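Colleague: From the sequence below, what's the structure:
(2 chains)
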Amino acid sequence: MALHGEYKTPGGKLVVVDLTVQNGHLSNVAVSGDFFLEPPEALDNIVAALEGASSQANETELARLIEASLPEGAELIGFDAASVAVAVRRAVTDGSPRERA
Amino acid sequence: MSGDANKSAWELGPRADEFRARWLDHDWQLVRGGPLPAEMHMALDEVLTYAVGRGERKPTLRIWEWDTNAVILGRFQSVRNEVDPEGAARHNVNVVRRITGGGAMFTEPQNAITYSLYAPESLVKGMSFIDSYAFMDDWVLQALRGMGVEAVYKPINDISSSQGKIGGAAQTRRGGAVLHHVMAAYDMNPATMLEVLRIGREKLSDKGSVSANKRVTPLREQTQMSREAVLDRLVSTFDELYELSPGSLTAEEVEAAEKLAREKFMSDEWLYLLP
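Modeller: Here you go, the predicted model:
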């Protein structure tokens, strides 16, 4: 089942996570939003870090996974690893299946 | 109106001379052409940024004109989350993805104030990303204040007034250059926007009302000037502050941008990078 979680950062940027949970692991993870990220390819690192993570992982653990995945010198502007982690938790715990486009 | 009244913290602060010198150290050129499709604007931004980074083009201010309605998505936004496909089709909206982050903007040709600055990275050397937004928006705040609009910069990337958000900037550093483009509302049609962009409706359903601090208040509600006159004033303010010479796109740049528009910006692969 497709799950959807959103988190609005204190600065007003939106972080959106879409994923599925398969056998207790995050799968088909997509991270999107109106944040800034340099270099842009660092988004692939973030997604790869979440893919396969335990669906039981808490915010701190998820944020740590994301931080460890970032290339040297990557800059997250308007959001951080913790904001992505919150959106993941929201998707897992109360993410309603997304509305069909 | 006296000069100082329009000045910002940058212009009046202890490092004002240094900041002004950074602008004046660059030999700025204006490119102001006719209407283009959205994908050409996206492609020109990429082509001209790299051309400036390679030193083939002087630092440039490019004013955009549009030939269709468009939604310009931020680099990291999901198409499905932002755009209502039926609404977009009904209003002949050309949906494109830009190379910079930030949020979606819906534009109609006569309602948008859009421009790009391309400069060598030396312009913002040593500045954080956030500081370089404030720095590169400063001249436009001065121009808007000169028109009687109480414009202020709101971190990270908003241009606002006491009446609401006017527009936003987005920036990226590539190939030794910095691209800073701004999309602002001269006028807007909220009903159309709500049919085309999903986000507005989701905010409505979540909170019962559109978030007040992010409410877009177009320039037309804050000045009597025509869109054309606003653009003229932006150009003349930049020229007065930092000197601007007339320029144009080269045939090679146009050709490279047309190819990039076709092969990248019109491709589903790029548009649906985040489906």
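Colleague: how much space between the residue nearest to B:V95 when sequence neighbours are not counted and B:H180?
Modeller: If you skip the residues right next to it in sequence, B:V95 has B:V71 as its closest partner in space, 4.7 Å away by C-beta to C-beta, 6 or more residues apart in numbering or on different chains. (Glycine included, C-beta is placed from N, CA and C.) To B:H180, B:V71 is 21 Å away according to C-beta to C-beta, to the nearest Å.
Colleague: residues in contact with the residue nearest to B:V95?
Modeller: B:82-83, B:88, B:93-96, B:104-107, B:196-197 (C-beta atoms under 8 Å, 6 or more residues apart in numbering or on different chains).
Colleague: and what of B:L61?
Modeller: By C-beta under 8 Å, 6+ apart, the neighbours of B:L61 are B:W28, B:Q29, B:L30, B:V31, B:Y115, B:S116, B:L117, B:V235, B:F238, B:L244.
Colleague: wait, B:Q29 sits on B:P59?
Modeller: Yes. Using C-beta atoms under 8 Å, B:Q29 makes contact with B:P59 at a distance of 6.9 Å.
Colleague: So between these two, which is more surrounded?
Modeller: B:P59 (21 against 18; other C-beta atoms under 10 Å in any protein chain shown).
Colleague: roughly how far apart are that one and chain A?
Modeller: 21 Å (C-beta to the nearest C-beta, to the nearest Å).
Colleague: Pretty sure that residue sits against B:D27.
Modeller: Yes. Here B:P59 reaches B:D27: they are 6.6 Å apart, a contact under C-beta under 8 Å.
Colleague: quick one: the strands in the stretch 51-200 of chain B?
Modeller: B:60-63, B:69-73, B:93-97, B:105-107, B:112-120, B:152-154, B:158-161, B:164-174, B:177-185 (DSSP state E, counting those that start in this stretch).
Colleague: So, low pLDDT: which residues of the stretch 101-250 of chain B?
Modeller: B:199-214 (pLDDT under 70).
Colleague: what does the stretch 1-150 of chain B have sitting close to chain A?
Modeller: B:74-78, B:80-81, B:85, B:99-104, B:129-130 (C-beta under 8 Å from any C-beta of the partner chain).
Colleague: which of these has the most neighbours?
Modeller: B:G102 (29 neighbours).
Colleague: quick one: contacts for that one?
Modeller: A:D34, A:F35, A:F36, B:G74, B:R75, B:N157, B:G168, B:A169, B:A170.
Colleague: other SSEs contacting the lengthiest helix in chain A?
Modeller: Longest helix in chain A, counting residues (DSSP state H): helix A:81-94. Applying 3 or more C-beta pairs under 8 Å, 6 or more residues apart in numbering or on different chains; DSSP states H and E, we find helix A:81-94 packed against strand A:3-8, strand A:14-22, strand A:25-33, helix A:42-50, helix A:59-69.
Colleague: Name the surrounding residues that touch the last one.
Modeller: Outside of helix A:59-69, the residues within contact range by C-beta under 8 Å, 6+ apart are A:45-46, A:48-50, A:53, A:57, A:80-82, A:84-86, A:88-89.
Colleague: Neighbouring strands of the helix or strand just after it in the sheet, and parallel or not?
Modeller: Moving toward the C-terminus from helix A:59-69, the next helix or strand (DSSP states H and E) is strand A:75-77. Here strand A:75-77 is paired, per DSSP bridges, with strand A:36-38 (antiparallel).
Colleague: from the chain's centre, how far out does the strand it pairs with sit?
Modeller: Counting by C-alpha atoms, centre = their mean, to the nearest Å, strand A:36-38 is centred 14 Å from the centre of its parent chain.
Colleague: Could you tell me the average pLDDT over it, please?
Modeller: For strand A:36-38, the mean per-residue pLDDT is 96.
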